[in-house]
Structure formats: C-alpha cells, structure tokens
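**Q** quick one, what's the 3D model for this:
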Amino acid sequence: MRQALVVIMCSALVFLPSALSAEDSGLVKFIIVDHEIPQPLTSEPGDPAKGKKIVTDASNATCLICHAMPIPEQPDHGNLAPDLTGIGSRYTAGQLRLRIVNPKAFNPDTIMPAYYRNSGFTRVLGEFAEKTVYSAQDVEDVIAYLLTLTSE
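**A** Residues are numbered from 1 along each chain as shown. Below you'll find the model as predicted:
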C-alpha cells in the first residue's frame, strides 16, 4: 500500500509541473483524455486550405521533411515518419491534435517535435525561445487539412 501511494505521489509530481508550465506560458489550456485532446484549442474552426499551406511551408517546419503526403505537386517527401495518406480515416481530430501538440504524450520515444509547446527545451536559439512552432489556430488548421486526407 505504501509503495502504491509513493508511486501515485511521484506520478502527480511529474505531471503537475507540466500542467503549470503550460498554464503559465500563455498557451491555451487543454486536457488529454484517452490519448487525445478532444476540445479544439480555438473557437474558430480549422481551415483546410490554410492547413495545407502550413504543412507545406518550408520556411516553418513543413511536415514533408519527415512524412510523405498525397501532395504530388510538392517535391521531396520524407520517408522518416509514417505516410500521411489516408490519415483522416485513421484518426479523430482529438487524436491528431495530441500528435501535433505533444507527440511524446502517446509515444515517449518519438522524434516528432511538439508543435504547440514553448518551454522545457534545451539549446534553443534566442529568437525561438519561448515560442511555439504553430499557433493554436495553426494547429486547428492543420487538423482540418489532415482530416480531408481520407483516401488510401
């Protein structure tokens, strides 16, 4: 019984600072439920056209660096990560949101970066310190686009 209590207390300590840092860092609050973030980060719905521009923007962390996508007009798709063709048929918006916001929450060994996080990094250039890669609205736009990718 005592060991179980210690494990529970340690687990609470591990998760509490991350919850506080997200709150204190000015990011939109979110809750992870059953391996997803079920609620959108914004009140404005995502725009699939904007999402496509975001995922192909080579000046700001294009998804094509690591993933292949059904965008034949874009050259040089990556093969380091899973192909995103049909991803809209395989995952819900909430599951995609978690994968973009905090991919380590579902796979601690992933090399995919957190696109909506602004603290807890090491060796970050000053111009990028305390900034997210994507805004909350960018996350929602990317999700809206990914949900259109339903054919295999």
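**Q** can you pull the contacts of the residue most central in space within the chain?
**A** Nearest to the mean C-alpha position of the chain, by CA atoms, centre = their mean, lies Ile100 at 1.2 Å. Going by CB atoms under 8 Å, 6 or more residues apart in numbering, Ile100 touches Tyr115, Tyr116, Tyr134, Val139, Val142, Ile143. Quick note: C-beta positions are derived from backbone N, CA and C, even for glycine.
**Q** any idea how far the first one lies from Ser43?
**A** Yep, that's Tyr115 we're talking about. Taking CB to CB, to the nearest Å as the criterion, Tyr115 is separated from Ser43 by 20 Å.
**Q** between the two, which has more neighbouring residues?
**A** Tyr115 (21 against 7; other CB atoms under 10 Å).
**Q** that one: which element?
**A** Here Tyr115 sits in a region with no helix or strand, counting by DSSP states H and E.
**Q** next one: Ser89
**A** Per DSSP H and E: helix 87-90 holds Ser89.
**Q** low pLDDT regions in the protein?
**A** Across the chain, the ranges flagged by pLDDT under 70 are 1-25, 152.
**Q** residue boundaries of the helices in it?
**A** In the chain, helices defined by DSSP state H lie at 2-24, 48-55, 87-90, 93-101, 136-146, listed in chain order.
**Q** may I see the buried residues of the helix holding Ser89?
**A** Neighbour counts using 16 or more other CB atoms under 10 Å place Ile87, Gly88 of helix 87-90 among the buried residues.
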